[in-house]
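Asks: Dropping the sequence and predicted coords here.
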Amino acid sequence: MKSNFKKKSALILICVMIFSLLESNFIFGTDKQSKSAEITVYFTAFGDDVHDSDEDGNVHNYEVGGLQTWVSREAVTVERGSTAGQAIKKSLSEHGLQANGIDSNYIKSINTPWETRVGEFTNGAKSGWEYSVNGARPQLGVQEYTLEDGDEIVLPLYG
């Protein structure tokens, strides 16, 4: 009789411990479903004046310099599961800039508030926009790359 009582008591104690662990995960948000619906990423954009680098020999790009900061590093809040393209589009539009082609996965050009369109081939045969995330150039279009909280996006014009 005593061993039966000990078994039942142990079983009840185990059930109480399991329930309290499950309840604490639910209350304190440690389960996977309680993650925030939003993430914060950081975005910077570098553009250029219109010129033909093939003719004038002035190649401006992220590595050698000569670009203008169009969007200084800023925090961009987007929904969890958002793409690089969605964050880029949001930030650019908040600065009066419009990315052409971004919804089709490729930034063909950007229109500025000062009525300049800069993009693919504007500044020479090798000019165009190419984004990076955390210092690496993804081998995916801007609408294919899913962001994670804290990612750093840089969008420079090359050429």
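Replies: Okay, I see it.
Asks: Every contact and neighbour count from this point should use C-alpha atoms.
Replies: Noted.
Asks: Now do Asp55 against Glu152, distance only.
Replies: Heads up, residue 55 is Glu, not Asp. 34 Å (CA to CA, to the nearest Å).
Asks: out of those two, which sits in the more crowded spot?
Replies: Per other CA atoms under 10 Å, whichever of Glu55 and Glu152 has more neighbours is Glu152, with 21 against 9.
Asks: from memory the more buried one sits against Tyr131, does it?
Replies: No - look at Glu152 against Tyr131 with CA atoms under 8 Å: they stay out of range, at 10.3 Å.
Asks: shared neighbours of the two, anything?
Replies: Residues touching both Glu152 and Tyr131 (CA atoms under 8 Å, 6 or more residues apart in numbering): there are none.
Asks: Can you point out the buried residues in stretch 36-43?
Replies: Residues of stretch 36-43 classed as buried by neighbour count (16 or more other CA atoms under 10 Å): 39-43.
Asks: Rebuild those residues as JSON lines, extending it with secondary structure.
Replies: Listed next are these as JSON lines, based on DSSP: H, G, I helix; E, B strand; the rest coil:
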{"residue": "Ile39", "secondary structure": "strand"}
{"residue": "Thr40", "secondary structure": "strand"}
{"residue": "Val41", "secondary structure": "strand"}
{"residue": "Tyr42", "secondary structure": "strand"}
{"residue": "Phe43", "secondary structure": "strand"}
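Asks: Can I get these in TSV including pLDDT and distance to His51?
Replies: Formatted as TSV, these follow (pLDDT from 0 to 100; distance: CA to CA, whole Å):
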residue	pLDDT	distance to His51
Ile39	98	37
Thr40	98	35
Val41	98	32
Tyr42	98	29
Phe43	98	25
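Asks: now for those residues, which pair is the farthest apart?
Replies: Greatest spacing in those, by CA to CA: Ile39 and Phe43 (13.0 Å).
Asks: now what about the longest strand along the chain, what contacts it?
Replies: Counting by DSSP state E, the longest strand found in the chain is strand 68-79. Strand 68-79 has contacts (CA under 8 Å, 6+ apart) with 37-48, 86-87, 90-92, 95.
Asks: Kind regards, and thank you for your time.
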